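Student: need coordinates for the following:
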Amino acid sequence: MKTVLKSAVAVLAVPASLLSTSINASAQTVMPDACKSEMSASGDMKMPEMPMGQMAEHQKAMMEGMQQMRPAMMQGMMAKDPDVSFVCGMIAHHMGAISMSEVELKYGDDQQAKAMAEKIIDAQKKEIEEMTSWVNEHAK
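Tutor: Numbers count the residues shown, from 1 in each chain. Coordinates of the predicted model:
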């Protein structure tokens with residue numbers, strides 16, 4: 001999976017501002033207040049105040065996973081066909097969920113959170129397989 005993610009990161013730089021309004025608006029409505037501590041009043045996510053070198057190991061691992069997932073997701077969503085765009089973007093998004101879940105399994109202490117991470121990994125891998133098959137059949 002990591003190889004697929006790394007190869008998918010063949011970088012297409014899409015400014016976050018192109019997508020931030022709709023993404024942030026929907027994320028604000030469902031995110032618990034405790035999850036918003038690093039968000040500005042406008043809902044835009046702030047970059048970490050501390051350099052990567054000062055972050056805890058789990059924070060570094062989460063940031064690295066997100067840095068790998070985001071370009072792949074943006075690249076996937078640039079497909080001209082809206083269905084292919086959606087599915088390709090979701091494949092990368094699911095890879096990000098797996099990466100975050102692996103970080104939880106490595107660094108987390110709470111057994112309920114670890115169980116959620118394992119469940120996410122299993123579900124997302126299955127969905128990635130389904131979506132990959134769909135793309136292989138439908139992408140022109």
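Student: please count neighbours and contacts with C-alpha atoms only from this point.
Tutor: Fine.
Student: same for the longest helix seen in the chain, what does it pack against?
Tutor: In the chain, assigned by DSSP state H, the helix with the most residues is helix 111-138. Using 3 or more CA pairs under 8 Å, 6 or more residues apart in numbering; DSSP states H and E as the contact test, the elements touching helix 111-138 are helix 82-107.
Student: which residues of this structure score low on pLDDT?
Tutor: 1-31, 35-50 (pLDDT under 70).
Student: for Gly89, what are its contacts?
Tutor: The contact partners of Gly89, taken as CA atoms under 8 Å, 6 or more residues apart in numbering, are Ala72, Met73, Met74, Gln75, Gly76, Met77.
Student: let's see which of those end up in strands.
Tutor: Among the contacts of Gly89, no member falls in strands (DSSP state E).
Student: gap between the two ends of stretch 74-82?
Tutor: Distance across stretch 74-82, first residue to last, is 13 Å (CA to CA, to the nearest Å).
Student: that stretch: which residues count as buried?
Tutor: For stretch 74-82, burial by neighbour count (16 or more other CA atoms under 10 Å) applies to Met74, Gln75, Gly76, Met77, Met78, Ala79.
Student: let me know the closest of the residues you listed to Ala123.
Tutor: Gly76 (20.4 Å; CA to CA).
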